[in-house]
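[1] Coordinates only, no sequence provided:
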């Protein structure tokens, strides 16, 4: 039994120190303790809602369930990585405003001018920051449930990707060096 525990510990350490793991930022949104009545008594388990992103336009959301918190977080991260999507961006913001309804949650996302920052509530902020969006205005209009709002924001990102591909909007549009120089010259005057 002890050998099995040591193997699991070494595997966890290797997983947390792998270079692949370091490229993504992982955020715990919510941890729920769930209790189930069974014939033998109460069975306690945990669910962890995780957001994973590389701050370069890729983001994923996953829910992990396990008898202990650490395993639930690990499962949530694994599921979030499987569901990674690349989102369209115009410099540091989103390309167009969008309103999405997912269940009882309603989310409004609007592009913002450079330097505005992330003006969003907790659940939406986590998804948007993990994606690498630095300027956005967001409003939670429906439910105050964190999980619902995270899923609604992720759904908005998916919808944005579909619309952007139809309108042929590029995914990450960085200003060219010539444009940057012209902008700096204008500011200097």
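    Everything's here; your move. What you are looking at is a predicted structure, and each value in this text was computed from that prediction instead of being measured.

[2] From now on I want contacts and neighbour counts done on CA atoms only, so please keep to that.
    Will do.

[3] For residue 69, which non-adjacent residue is spatially closest?
    Nearest residue to residue 69, sequence neighbours excluded (CA to CA, 6 or more residues apart in numbering): residue 46, at 5.8 Å.

[4] Over to residue 104?
    residue 143 (5.5 Å).

[5] all helices for this protein, in order.
    2-17, 19-22, 69-82, 122-131, 146-167, 177-188 (DSSP state H).

[6] Which elements pack onto the third one?
    This means helix 69-82. For helix 69-82, the elements it packs on are strand 25-38, strand 41-53, strand 58-66, judged by 3 or more CA pairs under 8 Å, 6 or more residues apart in numbering; DSSP states H and E.

[7] So which of those strands is nearest residue 162?
    Closest to residue 162 of the helices and strands packed on helix 69-82 is strand 58-66 (CA to CA; 14.7 Å).

[8] so what's the residue nearest the centre of the chain up against?
    Against the mean C-alpha coordinate of the chain, by CA atoms, centre = their mean, the closest residue is residue 127 at 3.2 Å. By CA atoms under 8 Å, 6 or more residues apart in numbering, the contact list for residue 127 reads 51, 53, 59, 150, 153, 154.

[9] one step back: thought the residue nearest to residue 69 was touching residue 72?
    Yes: using CA atoms under 8 Å, residue 46 makes contact with residue 72 at a distance of 6.4 Å.

[10] and for these two, which residues touch both?
    Counting by CA under 8 Å, 6+ apart, the contacts common to residue 46 and residue 72 are 65, 66.

[11] is the closest residue to residue 74 other than its chain neighbours in a bridge, and if so with what?
    In space, and not counting its chain neighbours, residue 74 is closest to residue 64: 7.2 Å by CA to CA, 6+ apart. Beta-bridge pairing for residue 64 (DSSP bridges): residue 48.

[12] Next, count neighbours for residue 64.
    Neighbourhood size, residue 64 [other CA atoms under 10 Å]: 22.

[13] and what of residue 28?
    14.

[14] and the gap between the closest residue to it other than its chain neighbours and residue 104?
    Leaving aside its sequence neighbours, residue 28 sits nearest to residue 50 (CA to CA, 6+ apart; 4.8 Å). Applying CA to CA, to the nearest Å, the value for residue 50 to residue 104 is 20 Å.
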